[in-house]
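>>> build the 3D model from these lines:
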Amino acid sequence: MNASEALRGLWLQAGLPEEALGFAQLTGADPVLPSSFAVGTAAQSTIAAAALAACELGHQRGAARQTVSVDMAHAALECTGWFSLDGRVPELWDAFSGLYRAADGWVRIHANFAHHREGALRLLGLDPQGAQRADAQAAMLQWKAIDFEDAAAAEGLVATALRRFDDWDATPQGQALVGQPLFTIERIGDAPPLALAPLAAGRRPLAGVRVLDLTRILAGPVGGRALAAYGADVMLINSPHLPNIEAIADTSRGKLSAHVDLKTAEGSRTLTGLLADAHVFVQGYRPGGLAALGFGAADTSRIRPGIVHVSLTAYGTSGPWARRRGFDSLVQTAMGFNHAEGDAKGDGQPRPLPMQILDEATGYLIAMGAAAALWRQQREGGSWHVQVSLAQTGRWLRGLGRVEGGLGAAVPDRTPYLETSASGFGELCGLRHSAQLGRTPAEWTRPSVPPGTDAAVWP
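Take a look at the predicted model:
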């Protein structure tokens, strides 16, 4: 499937007008990064879908349609998430993150957060204070891969066994995903259309749209950043007690950033007040986590009738893993991508995809889904719930087909696509947004700032 066909499928599934597809201009073809999967197509089509949906909402608000141009090499490089701070390229993986040989296969551990790292090491029978990676590898050899995966999940940790595609397809979760679409946009309540002023000349298509971004790693922040590039006022809400990874510097471009502690009455009141004037609410916490605090989809639609509530999960909304924590690297491993890449290489070594494309593509599906649901809300009224998951995106990526000789592709030079800006983290160099709008360029007008920099009030 080529990128235009992929975009068309996304667009029609979202229920958006077919005639708008004529304004998309896609250039380039896979392979653009070393992979046997169509990662360039996945990047380009989801970015184009997000930008085109934002523009269609602008059209609904009175603006003429405009072209959306996306080059595949630029899109793929943007989805690598590369950035530097004051000339330093951060190390994005903890020393204990990665693949380990088990007694009968492989296990991937995600250890970027201290509590996940320490929990995994204790499960291996090691002292987190003195353990080295070699110790973890030796200990893992005493475990069967599935046994460690199950034990980690029982402890709320994040680790998965390496599977082949056919192994994954035979699991109850793999079978549950077969019946789930790539994303859903569902009306969940009645409400009049939310007030959105007609779009003034020269304004970006999402100008005046207020988005609450309650996400952390990585898909949700990418989705919020895209909405900010198209003109939305995006407010990232972090707990003052939770850790973050350095990628927050890159994904916070264009956003306000406030601290709200939802475990306090004051924090709950603050978020309720923000929600009363919001158009979109995006959340990526573990399934049920925000609902337990009074901010699930049913709650937000009651507090703010007409809201577009976007929910992100790792493994979908049904099946035995529906409530399981997960990250892109783990979903790749569990679903068969790492094995398939290694098999295509022919050396028997599991290989990750060249970027966290499940996160990145899902992030742009979040942005597309939010804009599409808001487009429908403006036409039909109602409150809306958009649901996406990394595993559903994985199924879609697999369905795009394989790229013969793709692992031999050379990584393009990112230099022509870089931009540098001041930020609250230091001088930030990152990829410009790859969707070029014909009339109102996508850009980040607010600098990236650390969590808690801004007051929790709308500008």
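
>>> could I get the contacting residues of R61?
Taking CB atoms under 8 Å, 6 or more residues apart in numbering, we find R61 in contact with L196, A197, P198, L199, P205, Q378. All C-beta atoms are positioned from the backbone trio N, CA, C, and that covers glycine.

>>> and R439, by the same measure?
A64, Q66, T67.

>>> go on, T333?
Counting by CB under 8 Å, 6+ apart, T333 has contacts L99, W106, R108, T160, A161, L162, R163, P350.

>>> which residue ranges form the helices in the stretch 201-350 of the chain?
Secondary structure of the stretch 201-350 of the chain (DSSP state H, counting those that start in this stretch): helices located at 219-229, 248-251, 265-275, 297-303, 328-335, 337-345.

>>> looking at these, which is buried most?
Greatest average neighbour count among these goes to helix 219-229 (a mean of 28), per mean count of other CB atoms under 10 Å.

>>> just give me how far that helix sits from the chain centre.
Taking CA atoms, centre = their mean, to the nearest Å, the mean C-alpha location of helix 219-229 is offset from the chain mean by 8 Å.

>>> same thing with stretch 203-217?
Its chain's average C-alpha position is 14 Å from that of stretch 203-217, according to CA atoms, centre = their mean.

>>> quick one: low-confidence ranges for this structure?
For the chain, not a single residue meets the criterion pLDDT under 70.

>>> which helix is the longest one in it?
As assigned by DSSP state H, the longest helix anywhere in the chain is helix 357-380.

>>> taking helix 328-335 as reference, get the angle to the helix or strand that comes right after it.
Once the chain leaves helix 357-380, the next helix or strand it forms, by DSSP states H and E, is strand 383-389. Angle, strand 383-389 to helix 328-335, by axes from the mean of the first three to the mean of the last three CA atoms, to 10 degrees: 70 degrees.

>>> picking that back up, return the closest of the contacts of R61 with respect to G342.
Nearest to G342 out of the contacts of R61 is P205 (CB to CB; 42.1 Å).

>>> against A442, how distant is the spatially closest residue to the closest one that is not a sequence neighbour?
Closest residue to P205 apart from its sequence neighbours, by CB to CB, 6 or more residues apart in numbering: G58 at 2.9 Å. Remark: distance between G58 and A442 (CB to CB, to the nearest Å) = 12 Å.

>>> shared neighbours of these two, which are they?
Contacts common to G58 and A442, judged by CB under 8 Å, 6+ apart, are R204.

>>> before we move on, back to that, could I get the helices of the stretch 201-350 of the chain as JSON lines with distance to A20?
Below are these laid out as JSON lines (distance: least, CB to CB, whole Å):
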{"stretch": "helix 219-229", "distance to A20": "18"}
{"stretch": "helix 248-251", "distance to A20": "27"}
{"stretch": "helix 265-275", "distance to A20": "30"}
{"stretch": "helix 297-303", "distance to A20": "27"}
{"stretch": "helix 328-335", "distance to A20": "30"}
{"stretch": "helix 337-345", "distance to A20": "32"}
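
>>> so which of the ones you listed gets nearest D127?
Closest to D127 of the helices of the stretch 201-350 of the chain, according to CB to CB: helix 328-335, at 24.4 Å.

>>> what angle sits between the closest one and helix 219-229?
Using the same axes, to 10 degrees: helix 328-335 against helix 219-229 is 130 degrees.

>>> in which helix or strand would I find the closest residue to G62 other than its chain neighbours?
Excluding the flanking residues, the one nearest G62 by CB to CB, 6+ apart is P198, at 4.3 Å. Using DSSP H and E, P198 maps to neither a helix nor a strand.

>>> adjust the sequence numbering to begin at 19 for everything that follows.
I'll keep to 19 as the first residue from here, and by that count the last item is P216.

>>> quick one, phi psi at P216?
Backbone torsions for P216, taken as degrees, to the nearest 10, come to phi -50, psi 150.

>>> just grab the bridge partners of G442 for me.
G444 (DSSP bridges).

>>> surely it touches P468?
Yes: under the criterion of CB atoms under 8 Å, G442 makes contact with P468 at 5.0 Å.

>>> tell me how many other residues crowd Y435.
Look at Y435: counted by other CB atoms under 10 Å, it has 19 neighbours.

>>> against L449, how distant is it?
For Y435 relative to L449 (CB to CB), the value is 5 Å.

>>> find residues that contact each of the two.
Joint contacts of Y435 and L449 (CB under 8 Å, 6+ apart) are H92, L95, E96.

>>> out of these, which is nearest to D231?
Nearest member of the shared contacts of Y435 and L449 to D231, counting by CB to CB, is E96, at 18.6 Å.

>>> neighbours of the closest one, just the number please.
For E96, using other CB under 10 Å, the count is 25.

>>> that one against H451, yeah?
Yes: E96 lies in contact with H451 (CB under 8 Å); the separation is 6.9 Å.

>>> shared neighbours of the two, which are they?
Common neighbours of E96 and H451 (CB under 8 Å, 6+ apart) do not exist.
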